[in-house]
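Asker: predicted structure and sequence below. I'll ask about it afterward.
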Amino acid sequence: MGRFISAAVLRDLAKLDKNIVLEEDSVLTPSAKDLAKELGITISKGRQEIVSHSVVDQSVRLSSNQAISHKKVNEILGITEPVIINADLKKVVQKILGEVLKPACENPKATHVKGKTVVIQPFLGAPPGQKVGLVDVIDSRVGNLASGFMTFDHAKLPWFLNYDEVDYVIEGEFVLEVEGQVFHAKAGDVVYIPKGSQVVFSSPRFCKVFYCTYPANWADFCD
């Protein structure tokens, strides 16, 4: 199977011209076809228009200086060599993308967690002797992002975040070391940590932090 032309790629091509010529083995996605009709774009392969009200002789259009050739399509796609995608590879790619883009929770629902029911437990992933507590109050069973509470009692926790996180300091002083930066956050402060960060959480005394992470199944991305 040939190269896929998505709606996003087609939109870029349309900025150059409304008459677009594709290679014979190119494949338009359904959304690209809909966009072509919406923008009034004429798309051709070989000697036939594939998005038009009628089929016409393409020899005239191929001779037009304004027609976009398959070479220009390759340039926009950033392709320097022909790419062939067979049916088996397509299925594998679709499966991988499906898993990567799959939401943490297929049926998220509104949830009310009462504060008096929250019990912060010792975090088993903390280094020996470090008093770190943690509990999720919202997880992937009910939502696509998670939230909960952490406590640090004269403790330090090195960590690698393979997910995005926002922390709100409820009590005490929360110290966060991220990529050479050190933040001293106090009650009422908010800190954002991007995915892929190597961090060290700590507190010189005691602190309590409310956190929110995306995706909700953050523990699945920890080493």
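Answerer: Perfect, thanks for sending it. Numbering: from 1, shown residues only.

Asker: residue 122 bridge partners, please.
Answerer: residue 133 (DSSP bridges).

Asker: cool, residue 178 as well?
Answerer: residue 181, residue 199.

Asker: do I have it right that it meets residue 193?
Answerer: Yes. Using Cβ atoms under 8 Å, residue 178 makes contact with residue 193 at a distance of 6.1 Å. C-beta coordinates here come from the backbone N, C-alpha and C atoms, glycine included.

Asker: can you list the domains in the protein?
Answerer: 4-101, 115-221 (automatic domain parsing).

Asker: what are the ranges of the strands in this structure?
Answerer: Ranges of strands in the chain, per DSSP state E, are 4-5, 19-22, 27-28, 42-45, 48-51, 121-122, 131-138, 146-153, 156-161, 164-178, 181-186, 190-193, 197-202, 206-214.

Asker: output those strands as JSON lines; include the columns distance to residue 115, mean pLDDT and mean neighbour count.
Answerer: Compiled in JSON lines, the strands of the chain are given as follows (distance: least, Cβ to Cβ, whole Å; pLDDT from 0 to 100; neighbours: other Cβ atoms under 10 Å):
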{"stretch": "strand 4-5", "distance to residue 115": "50", "mean pLDDT": "67", "mean neighbour count": "19"}
{"stretch": "strand 19-22", "distance to residue 115": "59", "mean pLDDT": "78", "mean neighbour count": "22"}
{"stretch": "strand 27-28", "distance to residue 115": "54", "mean pLDDT": "70", "mean neighbour count": "18"}
{"stretch": "strand 42-45", "distance to residue 115": "58", "mean pLDDT": "78", "mean neighbour count": "21"}
{"stretch": "strand 48-51", "distance to residue 115": "58", "mean pLDDT": "54", "mean neighbour count": "16"}
{"stretch": "strand 121-122", "distance to residue 115": "16", "mean pLDDT": "94", "mean neighbour count": "10"}
{"stretch": "strand 131-138", "distance to residue 115": "9", "mean pLDDT": "95", "mean neighbour count": "17"}
{"stretch": "strand 146-153", "distance to residue 115": "10", "mean pLDDT": "96", "mean neighbour count": "20"}
{"stretch": "strand 156-161", "distance to residue 115": "24", "mean pLDDT": "94", "mean neighbour count": "15"}
{"stretch": "strand 164-178", "distance to residue 115": "11", "mean pLDDT": "97", "mean neighbour count": "18"}
{"stretch": "strand 181-186", "distance to residue 115": "21", "mean pLDDT": "96", "mean neighbour count": "12"}
{"stretch": "strand 190-193", "distance to residue 115": "19", "mean pLDDT": "97", "mean neighbour count": "15"}
{"stretch": "strand 197-202", "distance to residue 115": "22", "mean pLDDT": "96", "mean neighbour count": "18"}
{"stretch": "strand 206-214", "distance to residue 115": "11", "mean pLDDT": "96", "mean neighbour count": "19"}
